[in-house]
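In: After the sequence you'll find the predicted model.
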Amino acid sequence: MIRVIKIYCQDCGKLLYKYRKVRQGRLVKCYKDRIVKDYTNGDLRCPKCGCLFARETMIYKKPANKIIQGKVFIRQ
């Protein structure tokens, strides 16, 4: 079941991503090819408050952003 979720900054509530989430459960990583719309400057920081919310990594040989837990929240 693929659904589009919205990812927001926990500190200021700014919209960061629209992302196609495939499975149920909490958000641990964002594969870069599944990001529908990126509202950040591409530096993995919130454009409003500057909070670092993820780290770049490779997961299963695919580029991804590993989410720092407690830095974001999601809504559908």
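Out: Structure received.

In: how many other residues sit next to residue 11?
Out: Neighbours of residue 11 under the rule other CB atoms under 10 Å: 14. (Each C-beta comes from the backbone N, C-alpha and C, glycine too.)

In: Can you verify my assumption that it contacts residue 46?
Out: Yes. The pair residue 11 and residue 46 passes the contact test of CB atoms under 8 Å, sitting 6.9 Å apart.

In: quick one: contacts for residue 68?
Out: 52-55 (CB atoms under 8 Å, 6 or more residues apart in numbering).

In: Mind checking which of these are buried?
Out: For those, a burial check counting by 16 or more other CB atoms under 10 Å picks out 53-54.

In: Which of the contacts of residue 68 fall in strands?
Out: Among those, DSSP state E puts 54-55 in strands.

In: tell me the pLDDT at residue 36?
Out: Residue 36 is assigned 96 on the pLDDT scale.

In: Name the helix or strand of the chain that has the lowest mean pLDDT.
Out: None of the helices or strands of the chain scores lower by mean pLDDT, DSSP states H and E than strand 72-75, at a mean of 92.

In: Strands of this protein, start to end?
Out: 3-9, 15-21, 29-31, 35-38, 54-59, 62-67, 72-75.

In: In terms of secondary structure, what does the shortest one contact?
Out: If contacts are counted by 3 or more CB pairs under 8 Å, 6 or more residues apart in numbering; DSSP states H and E, strand 29-31 sits against strand 54-59, strand 62-67.
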